[in-house]
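Colleague: Build me a model from this:
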Amino acid sequence: MHWSSMRVSGVPPSKRYGACAVSVGAGRLILYGGTQGGTIMSELWVLTCAPGSVHASWSQLPVAGASPPGRCSHVAAVLADEERILVFGGEGGTGTLNDLAVLGLRGETDASAKPAADERII
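Modeller: Got it, this is the predicted structure:
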């Protein structure tokens with residue numbers, strides 16, 4: 001094992017902490033939420049990198065439909081079908097959250113398609 005630097009292009013997400021990132025498939029890291037200076041984020045970002053490459057690219061993903069409340073310090077998991085991400089809890093603008101939301105990823109790799117912010121399921 002060894003560390004190396006990545007050459008990253010695209011506009012990266014703003015500085016933040018408390019965000020959650022999950023790996024989806026080969027070469028995609030999905031980042032959601034976080035906070036900076038008291039502002040809670042609900043943005044969705046993807047870092048794309050071909051396996052074995054030292055080149056990566058950031059882009060913000062638009063979401064079709066309503067999104068769950070912005071949050072930080074939450075947890076997320078990719079379901080086995082790699083078509084959905086579950087997001088649970090965290091801190092939101094109104095305090096501690098205990099909701100569960102699902103993000104559908106179908107079409108996410110197509111620049112013209114938008115992932116669906118499905119309704120909260122619990």
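Colleague: and the gap between A76 and T96?
Modeller: A76 sits 17 Å away from T96, going by CB to CB, to the nearest Å. (Each C-beta comes from the backbone N, C-alpha and C, glycine too.)
Colleague: got it, and V8?
Modeller: Relative to T96, and taking CB to CB, V8 is found at 33 Å.
Colleague: which of A76 and T96 has more neighbours?
Modeller: Neighbours of A76 and T96, each counted by other CB atoms under 10 Å, are more numerous for A76; the result is 19 against 10.
Colleague: contacting residues around the more buried one?
Modeller: 20-22, 32, 85-88 (CB atoms under 8 Å, 6 or more residues apart in numbering).
Colleague: Which helix or strand contains it?
Modeller: strand 75-78 (DSSP states H and E).
Colleague: Now do the buried residues in the following helix or strand past that strand.
Modeller: The helix or strand immediately downstream of strand 75-78 is strand 84-92, counting by DSSP H and E. Residues of strand 84-92 classed as buried by neighbour count (16 or more other CB atoms under 10 Å): 84-88, 90-92.
Colleague: same thing with stretch 18-32?
Modeller: Result for stretch 18-32 [16+ other CB under 10 Å]: buried residues 18-20, 22, 24, 28, 30-32.
Colleague: Just flag the most distant two among these.
Modeller: Taking CB to CB, the two most distant members of the buried residues of stretch 18-32 are G18 and R28; they sit 21.2 Å apart.
Colleague: Next up, the contacts around the closest residue to V11 other than its chain neighbours.
Modeller: In this structure, V11 finds its nearest non-sequential neighbour in W58, 6.3 Å apart by CB to CB, 6 or more residues apart in numbering. Contact analysis of W58 by CB under 8 Å, 6+ apart lists 8-13, 45-47.
Colleague: would you turn these into a markdown table with neighbour count?
Modeller: Formatted as a markdown table, the contacts of W58 follow (neighbours: other CB atoms under 10 Å):
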| residue | neighbour count |
| --- | --- |
| V8 | 13 |
| S9 | 12 |
| G10 | 13 |
| V11 | 10 |
| P12 | 15 |
| P13 | 18 |
| W45 | 22 |
| V46 | 20 |
| L47 | 20 |
